[in-house]
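let me see the structure of the following:
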Amino acid sequence: PQLDAKIIQQTLSDYPLEVLCFESLPSTNDYLKKTPTHSPMTLCCAETQTAGRGRLGREWASPAGGNLYASLRLRLSLSPDRLSCLSLLMGLTLLQTLEQCAIPPGLQLKWPNDLCWNEQKLGGILIELDHPATSLSLDLTPPQPSVTAIIGMGLNLYSCAPLASRKQPACSLQDFHPHHLDRNTLLAYLIPTLMKHLEVLKTAGWLAFQAQWDAVDYLRGRWITHPRFSGKACGTSPQGALYVEDTAGQLHTLTSGDYTTPL
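Residues are numbered from 1 along each chain as shown. Reported below is the predicted structural model:
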């Protein structure tokens, strides 16, 4: 079935959420960046994107056919060390939401923003932050300066388009779970799960999620090559950075930028 703003809105009536669904957009993230709102939370979904993008400006193929292309804009009052974990937190949220929808175990999370299955990319997350002068806020941590976060997500449910520039092969949910998954239901599960996770992040930080991340960590034990250092990935820091241990036993911290790893 099609994405239905009315169904999603009714299911999530406890939240101050505006839902927008489109047949096609260049990018759901870009739409929310350019469009004003009077709601503390806005969810924008599209059946297809003509200019979808991922991290580091890479193209995100967005063919029509029942996949999930969505972005959530909300105001957050979180300290910088909490905000730095947002992409990882969203990965756990997506994974747990899929589990609520009876998706079989085996999914993994690849730092900082990918969902994987069987060495293949199933989905990705793109976080963009801004600091506009607006009073809209969810008041997660009132003493902290608030920012606008746009959380973009792409999930291959029924199809995926190969890209020549993609370093990792892609897959879709249909490759290992050939049952119907209603995207309206998926989003209805996702928003409450994210809100609960944000409350825990506010009070306890990333340490409260590290054990969950470790259980699905795609990179743990893999060789990481970065322009400044190389070594084996060995989990995340309390701020959500990637720990990499080189052959001399020295621990490096990767907070941003690109890296490579053998598939």
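
how about the nearest residue to residue 247, chain neighbours excluded?
Among residues not flanking residue 247 along the chain, residue 231 sits closest, at 6.7 Å (C-beta to C-beta, 6 or more residues apart in numbering). (C-beta placed from N, C-alpha, C; glycine too.)

could you count how many residues lie near the one you found?
Counted with other C-beta atoms under 10 Å, residues neighbouring residue 231 total 20.

what about it, is that helix, strand or coil?
strand (DSSP: H, G, I helix; E, B strand; the rest coil).

which intervals of the stretch 1-150 of the chain have sub-threshold pLDDT?
52-64, 131-145 (pLDDT under 70).

so where do the helices sit in it?
Along the stretch 1-150 of the chain, the segments classed as helices by DSSP state H, counting those that start in this stretch run 5-11, 28-34, 80-83, 86-100.

biggest helix in the chain by residues?
Identified as the longest helix of the chain according to DSSP state H is helix 183-204.

quick one: that one to helix 86-100, angle?
For helix 183-204 against helix 86-100, the angle by axes from the mean of the first three to the mean of the last three C-alpha atoms, to 10 degrees is 130 degrees.

which residue packs closest to residue 18, ignoring adjacent ones?
residue 39 (3.9 Å).

that neighbour touches residue 19, doesn't it?
No. Using C-beta atoms under 8 Å, residue 39 makes no contact with residue 19, being 9.5 Å away.

more neighbours, the two?
Higher neighbour count among residue 39 and residue 19: residue 19, with 24 against 14, using other C-beta under 10 Å.

ok, now which ones touch that one?
5, 8-9, 12, 42-43, 45 (C-beta atoms under 8 Å, 6 or more residues apart in numbering).

quick check: bridge partners of the nearest residue to residue 28 once chain neighbours are set aside?
Leaving aside its sequence neighbours, residue 28 sits nearest to residue 71 (C-beta to C-beta, 6+ apart; 3.9 Å). With DSSP bridges as the criterion, residue 71 is bridged to residue 44, residue 152.

just the strands in the stretch 101-250 of the chain please.
Shown for the stretch 101-250 of the chain, the strands assigned by DSSP state E, counting those that start in this stretch span residues 108-110, 114-117, 120-130, 146-155, 223-225, 230-236, 242-245.

now for the helix or strand just after the last one, which elements pack on it?
Under the assignment DSSP states H and E, the closest C-terminal helix or strand after strand 242-245 is strand 251-254. Helices and strands touching strand 251-254, as assessed by 3 or more C-beta pairs under 8 Å, 6 or more residues apart in numbering; DSSP states H and E, comprise strand 242-245.

in the strand it packs on, which residues are buried?
Neighbour-count burial for strand 242-245 flags 242-245 (criterion: 16 or more other C-beta atoms under 10 Å).

give me the residue at the spatial middle of this structure.
residue 125 (3.3 Å; C-alpha atoms, centre = their mean).

can you name the residues bridging to that one?
Beta-bridge partners, per DSSP bridges, of residue 125: residue 153.

count of neighbours near the residue nearest to residue 24 when sequence neighbours are not counted?
Excluding the flanking residues, the one nearest residue 24 by C-beta to C-beta, 6+ apart is residue 48, at 5.0 Å. Applying other C-beta under 10 Å, we find 15 other residues in the vicinity of residue 48.

how close does residue 48 get to residue 182?
According to C-beta to C-beta, to the nearest Å, residue 48 stands 18 Å off from residue 182.
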